[in-house]
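1. Structure for the following, please:
(one chain, ligands or ions: 1)
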Amino acid sequence: MKGALRETTPVYDGDLFSEEAILDPYERYREMRNLGPVVWVARQEIFALPRYEQVRAALGDAKSFVSGCGVALNDFTNQAQQGTTLASDGEEHRNQRSIVAHGLNPHALRGMRESVEKLARELVDGALESEAFDAIEALAQEMPLQVVPDLLGWEEEVRPHLLSWAEAAFDTSGPLSPRNEAKLPAVGELIEYATTVSRERRVAPKGLGAKIIEAADEGRIEHERCPALMLDFLGPSLDTTASALGAALYLFATRPEQWQKIRENHSLIPNAINEVVRWQSPVRFFTRVAPSDIEIAGTTVSGGARLLLMFASANRDERAWDRPDDFDVERENVSRQVGFGYGVHACAGQGLSRLEMGALLNELVGRVERIELTGEPAVGVNSIIRAFESLPIRLVAA
Ligand code: HEM
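-> Numbers count the residues shown, from 1 in each chain. The predicted structure is shown next:
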């Protein structure tokens, strides 16, 4: 243990990454929050911040909690993340982020609104024609799969691999175990692809991938950095949004009164999106390293220690949220949720995600009276991403 006041730091003995804990995490998070603001997780030998206040403060203080040593829970992945925007600090981070985020800013997104809305219309047309269907495949994954690869300029032949590569990249960001080690070859393919497209410039000329190569040609970043910046897009752009969309459909199917609220008042949709992301927290955690000794809520964590920032637990913290496990589209002040992170590393793609989710929900509220579950939903087993892997539903037309 890279030290803290060990004798006073509460210890969590459970395994947060067992299959059982991944599938049913919320009581474990509560237990950890009740242990204290800083908890030593014995299994993974890492400090954890399970409460909202400390997670938000750490995200807001990028000097005391750095990302440059990687944000994963194992050395292999932290090494693989080197050079990405996600895993950089200071001036280097600012520079890279300006390149990565440029094509995702509100101005760029305005130009996409119409085509995303058209796509939402087509997806809902198809869904209304089906008797019962899997909402994850037909809607939650299909929306980002149709939007993101075109925006970024990836080739057709790579598209069937994107979801499984991203899923593997998230899963292997947790502690390595025989379960997720089996996915390392898929991560290897992802890295190989990012390297090859950068070297061979195999990206559509107007896509965001091409902008990265352009930035290197103009000397704004080193050419060797291009694969890492491609990974900034390849990793987090699909199954995060798919997770949030899947959760939205599950929540509205199982809480019909919340569906009626947004049907009656469409202006609640942006708030509902924040509430979905708070409730679901698609990215359950990432880590930071404290470069020097730091006191957190009375516990001194010494320099070099890695900390687990528990976004999903912070978003359910009863100290920060009234009725935290309830889903409430009218929840006040929900935009302070940390499901998209916060501070300088806050999600660069959240505008795009909100656009995709907003378009689909807007289309559905106008045309669907009820969303009904037709079978048992299943949650995927992944160390970092929480997402339904299947969600059988039927849409009842208005
Ligand atoms: C519901 C959907 C999404 C969720 C929940 C989500 C979540 C997050 C979180 C929690 C972070 C912060 C990481 C940290 O602080 O260490 C982050 C960063 C990031 N996200 Fe997202 N994300 C989503 C969608 C997207 C999309 C669609 C894209 C790209 C098109 C994207 C690209 C990025 C990038 C590039 C970063 C790194 C930003 C930086 O380090 O400055 N994300 N995301």
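2. OK, contacts around the residue in the chain that the ligand sits nearest to?
-> Proximity of the chain to the ligand (CB to the nearest ligand atom) peaks at G349, 2.0 Å away. Heads up, the C-betas are built off the backbone N, CA and C, glycines and all. G349 makes contacts with 104, 236-237, 240, as judged by CB atoms under 8 Å, 6 or more residues apart in numbering.
3. make it 7 Å
-> 104, 236-237 (CB atoms under 7 Å, 6 or more residues apart in numbering).
4. so V379 makes contact with A21?
-> No: counting by CB atoms under 7 Å, V379 does not reach A21; the two are 11.9 Å apart.
5. higher neighbour count, these two?
-> V379 (17 against 14; other CB atoms under 10 Å).
6. And the pLDDT at the more buried one?
-> Note on V379: pLDDT of 98.
7. Next up, the contacts around it.
-> V379 neighbours (CB under 7 Å, 6+ apart): 23, 386, 388-389.
8. ok, now with 6 Å
-> 23, 388 (CB atoms under 6 Å, 6 or more residues apart in numbering).
9. Please name the bridge partners of it.
-> V379 has these beta-bridge partners by DSSP bridges: F388.
10. Now do the residue nearest the centre of the chain against A42, distance only.
-> For the chain, V283 is the residue whose C-alpha lies nearest the centre (CA atoms, centre = their mean; 3.8 Å). Counting by CB to CB, to the nearest Å, the gap from V283 to A42 is 24 Å.
11. what's the answer for R370, then?
-> From R370 to A42 the distance is 46 Å (CB to CB).
12. what about the two, which has more around it?
-> Each of R370 and A42 has its neighbours counted (other CB under 10 Å); R370 has more, 16 against 13.
13. what phi and what psi does the backbone show at the more buried one?
-> Here is the backbone geometry of R370 (degrees, to the nearest 10): phi -140, psi 150.
14. check the contacts of G349 against the ligand, which are close?
-> 104, 236-237 (CB under 6 Å from any ligand atom).
15. Just give me the neighbour total for E31.
-> Neighbours of E31 using other CB under 10 Å come to 14.
16. That one: what secondary structure?
-> Three-state call for E31 (DSSP: H, G, I helix; E, B strand; the rest coil): helix.
17. isn't there a strand covering C347?
-> No: assigned with three-state DSSP, C347 falls outside any strand and is coil.
18. contacting residues around the nearest residue to it once chain neighbours are set aside?
-> Of all residues not flanking C347 in the chain, F340 sits nearest, at 3.9 Å (CB to CB, 6 or more residues apart in numbering). Counting by CB under 6 Å, 6+ apart, F340 makes contact with 346-347, 350.
19. Who's the closest spatial neighbour of F65, skipping the chain neighbours?
-> Nearest to F65 is R288, by CB to CB, 6+ apart, at 3.7 Å.
20. other SSEs contacting whichever helix or strand the one you found is part of?
-> In this assignment (DSSP states H and E), R288 forms part of strand 286-289. Under the contact criterion of 3 or more CB pairs under 6 Å, 6 or more residues apart in numbering; DSSP states H and E, strand 286-289 touches strand 306-309.
21. Could you confirm whether any residue of the strand it packs on contacts the ligand?
-> No: applying CB under 6 Å from any ligand atom, one finds strand 306-309 separated from the ligand by no less than 7.5 Å.
22. Show me where the stretch 101-250 of the chain has its strands.
-> 133-134 (DSSP state E, counting those that start in this stretch).
23. per-residue pLDDT, the residue nearest to F65?
-> R288 is given a pLDDT of 98.
24. For it, name its beta-bridge partners.
-> L307.
25. So it sits against G68, correct?
-> No: assessed by CB atoms under 6 Å, R288 is found out of contact with G68, at 9.6 Å.
26. From the neighbour counts alone, determine which of those two ranks first.
-> Neighbours were counted for R288 and for G68 using other CB under 10 Å; R288 has more, 25 against 18.
27. Point out where the stretch 1-150 of the chain drops to low pLDDT.
-> Scanning the stretch 1-150 of the chain for pLDDT under 70 picks out 1-7.
28. where exactly do the helices run in it?
-> Under the criterion DSSP state H, counting those that start in this stretch, the stretch 1-150 of the chain contains helices at 19-23, 26-35, 52-59, 75-80, 90-102, 106-110, 113-129, 135, 142-152.
29. Reformat these as JSON lines; add distance to A204.
-> Converted to JSON lines, the helices of the stretch 1-150 of the chain look like this (distance: least, CB to CB, whole Å):
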{"stretch": "helix 19-23", "distance to A204": "36"}
{"stretch": "helix 26-35", "distance to A204": "42"}
{"stretch": "helix 52-59", "distance to A204": "34"}
{"stretch": "helix 75-80", "distance to A204": "26"}
{"stretch": "helix 90-102", "distance to A204": "16"}
{"stretch": "helix 106-110", "distance to A204": "15"}
{"stretch": "helix 113-129", "distance to A204": "15"}
{"stretch": "helix 135", "distance to A204": "29"}
{"stretch": "helix 142-152", "distance to A204": "8"}
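30. which of those is buried the deepest?
-> helix 135 (a mean of 28; mean count of other CB atoms under 10 Å).
31. ok, the ones next to the ligand among the contacts of G349 vs D150, which is closest?
-> S237 (11.7 Å; CB to CB).
32. how many neighbours does that closest one have?
-> The burial count for S237: 23, using other CB under 10 Å.
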